[in-house]
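J.: here's my sequence, what's the structure:
(chains A, B, C, D, E and F)
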6 protein chains.
Amino acid sequence: MKVTVSRKAHFNAAHRLYRKDWDDEKNDAVFGKCNNPNFHGHNYELIVSVTGEIDPETGYVIDMKVLKDLIKSEIENAFDHKNLNVEVPEFKNLNPTAENIVVVIFNKLRPHLSNHLGLEVTLYETPRNFVSYSDA
Amino acid sequence: MKVTVSRKAHFNAAHRLYRKDWDDEKNDAVFGKCNNPNFHGHNYELIVSVTGEIDPETGYVIDMKVLKDLIKSEIENAFDHKNLNVEVPEFKNLNPTAENIVVVIFNKLRPHLSNHLGLEVTLYETPRNFVSYSDA
Amino acid sequence: MKVTVSRKAHFNAAHRLYRKDWDDEKNDAVFGKCNNPNFHGHNYELIVSVTGEIDPETGYVIDMKVLKDLIKSEIENAFDHKNLNVEVPEFKNLNPTAENIVVVIFNKLRPHLSNHLGLEVTLYETPRNFVSYSDA
Amino acid sequence: MKVTVSRKAHFNAAHRLYRKDWDDEKNDAVFGKCNNPNFHGHNYELIVSVTGEIDPETGYVIDMKVLKDLIKSEIENAFDHKNLNVEVPEFKNLNPTAENIVVVIFNKLRPHLSNHLGLEVTLYETPRNFVSYSDA
Amino acid sequence: MKVTVSRKAHFNAAHRLYRKDWDDEKNDAVFGKCNNPNFHGHNYELIVSVTGEIDPETGYVIDMKVLKDLIKSEIENAFDHKNLNVEVPEFKNLNPTAENIVVVIFNKLRPHLSNHLGLEVTLYETPRNFVSYSDA
Amino acid sequence: MKVTVSRKAHFNAAHRLYRKDWDDEKNDAVFGKCNNPNFHGHNYELIVSVTGEIDPETGYVIDMKVLKDLIKSEIENAFDHKNLNVEVPEFKNLNPTAENIVVVIFNKLRPHLSNHLGLEVTLYETPRNFVSYSDA
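T.: So this is what the prediction gives:
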């Protein structure tokens, strides 16, 4: 049996939902006010969950401080106080919906965790809307 | 790999836990103060989670606004500011425990979501008591 | 300078907003769906705040356990799992709006606290609606 | 003695902290990463609190539905999914710090409330940063 | 299909992370400030989740009051206001990391629940760090 | 009219409530399980609120980053992961009740804020118990 260790973090950012290859009318029809060309923004709350065996030496699945620092270097530094569409390369040609953001975060963290650890990422876009993605 | 999209909603309602086919003594023994014949009530917090592939066109698993409107039309309109025992047909002969309510909500939402989407419903009866039901 | 000590508590109850001396049409116009004759209900979250000098002997303004027990005996025992309109004497002829409930709670607690202590009562009817009343 | 009635609401928006009459160096020194020219954003949580006597007829200080609708028409419709710097006239020449936003919200609501009611507005910019302004 | 019933509880305790068989230098290197020999402490928030079929008689998977009382007698009475290292026998030779605590809680509860019920235990060490363990 | 700016912070610590000049029996009678000689602990949540005029140049009452750094240097560094009774000089001869801790925090912050700013400190000892102290 395995234990899951979770760490909450936070970043805020601006974004806009739209596709460059659609005209304004179609973008408005599909994305509504989220397609505001002047952008809007969110306080994104992030939960990163790592699943594995407890190391009998330390009593840790993963050192929570290591996990906190990984989230800081890989995610907060890249996303916090940024415009996702304009400044984050992964969204140059990818619509920054909550679904796409959570997959991008997962893919940025996954290579830093050993293969025997499961990973789940949950992202709150607002207190009422959230998404999650995992291989746990 | 699939992404789960969740939406929180809210309704408040009155209810009473009891079985018509049990006498008062047995209802009191099993349901205690929840068997108050004058009813008591709760602010029910609801989380509806839908799991599926991201549509590469929109970046959505499901449009959060569609999900919000579905919860409004199917659940909030039917349950909010209602007496569950008296006014909600599903509980005419079904004890409105949190467990039974969450299954009723699941069954009301399920037909409106395509078969390739998984569904999980979580219901908070109080900030300390909650239940969940899923086919995800 | 004085310190304020606060304690959170919880009760849930059914209620209905209406005046016996108004006809149905007027009650509906003023109280809307809160006038459902079959009742609806809430998880009421309660914060009781007591302000006074710190006792230099104990380091307490008031023993938090004393305050917790007072809320239990005076408020939770009287209101929890009750129908406010039907079973709580204070609302026999008083409409159980959040405003009236918070004043009733204040008046039930006030005589149990010495005169040199200030009192404030805050009552959440839902996570988005709350009221407060004080002589602090 | 008076009762305070509070209502929570929500909007999300993009903004940037800077002064047009300062050069980039000074704006960066004072506003740091909040001066990102591509904007960043927040989920703003808003609490509007109205203080007054309870109307003995209705048991209300103010009808919570009236307060909710006022916040919707005056604040949410003006700010939600907007770029505060670009699209909200009050910030054309006013830096949209949390402090300035809360005063703007107060000034938009105040004329719609009668003079005998006190008003306090609290605004959460993030879960850890918030401001409030009142004449209560 | 099965329903999961969850109950939140709370205890606070002091602890220290270290291994008796390591010297101070190694304990400091691995556990940092959590190795303070004078102890530090937490408000542990606990969620116990039980999964099973709904009893068609009662509408319960498990009576929430039974679950609440079980958590009180087995966990709160043993851990609340205690020093985990000094006073809780399970940690005499086991480092009280969140991971080890959640497994100990699971093992204390498991024998009191029938075999056809699944069990998951989630433990918040701080509002930002939490762990979970299950056989569900 | 003045605006209040608030910042939330966090520390966790061990403590014990007792007076050296009382015998065990009296300490037990007054402080109950909080008098455990092996200590217990809490996640203390802290809110520091500063009230003043908005600086028309910056739009700030106080730079939130300055306030965050002040709380870090004066309070978190002194209290986090510490045993309040043993390691924090202010509690050498002062019982670390929530009331006394909040006054100590206030007194440590006050000299770092100019006289024209009001200060209020709120401290959550548990999610249900909190205290506040102010000269605002």
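J.: remind me what the longest helix along chain A packs against, helices and strands.
T.: If you go by DSSP state H, chain A has its longest helix at helix A:98-109. Here helix A:98-109 touches strand A:40-52, strand A:118-126, strand A:129-134, strand B:3-15, going by 3 or more C-beta pairs under 8 Å, 6 or more residues apart in numbering or on different chains; DSSP states H and E. (Glycine included, C-beta is placed from N, CA and C.)
J.: distance of residue A:113 relative to chain B?
T.: Distance, residue A:113 to chain B, by C-beta to the nearest C-beta, to the nearest Å: 16 Å.
J.: how near is the residue of chain A most remote from its centre to chain E?
T.: Distance from the C-alpha centroid of chain A, by C-alpha atoms, centre = their mean, peaks at residue A:57 (31.4 Å). Plainly put, residue A:57 is 8 Å away from chain E if you go by C-beta to the nearest C-beta.
J.: please name the nearest non-neighbouring residue to that residue.
T.: residue E:19 (7.8 Å; C-beta to C-beta, 6 or more residues apart in numbering or on different chains).
J.: show me the contacts for the residue of chain A found nearest chain E.
T.: The nearest approach of chain A to chain E comes at residue A:59, 3.7 Å away (C-beta to the nearest C-beta). Residue A:59 makes contacts with E:17, E:94, E:95, E:96, E:97, E:99, E:100, as judged by C-beta atoms under 8 Å, 6 or more residues apart in numbering or on different chains.
J.: can I get the residues you listed in TSV with pLDDT?
T.: TSV is the format used below for those (pLDDT from 0 to 100):
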residue	pLDDT
E:17	98
E:94	97
E:95	98
E:96	98
E:97	98
E:99	98
E:100	98
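J.: wait, isn't residue A:40 in contact with residue D:84?
T.: No - contact criterion C-beta atoms under 8 Å: residue A:40 and residue D:84 do not qualify, at 9.5 Å.
J.: overlap in contacts of those two?
T.: D:13, D:14.
J.: OK, contacts around the residue of chain A found nearest chain C?
T.: Closest residue of chain A to chain C, C-beta to the nearest C-beta: residue A:127 (9.8 Å). With contacts defined as C-beta under 8 Å, 6+ apart, residue A:127 is in contact with B:8, D:10, D:43, D:45.
J.: wait, which of these is closest to residue E:115?
T.: Residue E:115 has its nearest neighbour among those in residue B:8, at 34.2 Å by C-beta to C-beta.
J.: how close does residue A:129 get to residue D:13?
T.: 16 Å (C-beta to C-beta, to the nearest Å).
J.: over to residue A:133?
T.: Taken as C-beta to C-beta, the span from residue A:133 to residue D:13 is 27 Å.
J.: higher neighbour count, these two?
T.: Higher neighbour count among residue A:133 and residue D:13: residue D:13, with 28 against 23, using other C-beta atoms under 10 Å in any protein chain shown.
J.: hang on, the earlier thing: just the angle between the longest helix of chain A and strand A:3-15, please?
T.: 120 degrees (axes from the mean of the first three to the mean of the last three C-alpha atoms, to 10 degrees).
J.: what's in contact with helix A:98-109?
T.: Here helix A:98-109 has contacts from A:44, A:46, A:48, A:70-71, A:74-75, A:78, A:84, A:90-91, A:94, A:119, A:121-123, A:125, A:129-134, B:3, B:5, B:54, B:59-61, B:64, using C-beta under 8 Å, 6+ apart.
J.: quick one on the thing from earlier: next, work out how far apart the residue of chain A closest to chain E and residue B:4 are.
T.: From residue A:59 to residue B:4 the distance is 30 Å (C-beta to C-beta).
J.: so who does the closest residue to chain D within chain A touch?
T.: Among all residues of chain A, residue A:41 sits closest to chain D, at 0.7 Å; criterion: C-beta to the nearest C-beta. Residues near residue A:41 by C-beta under 8 Å, 6+ apart: A:12, A:13, A:14, A:15, D:12, D:13, D:14, D:15, D:39, D:40, D:41, D:42.
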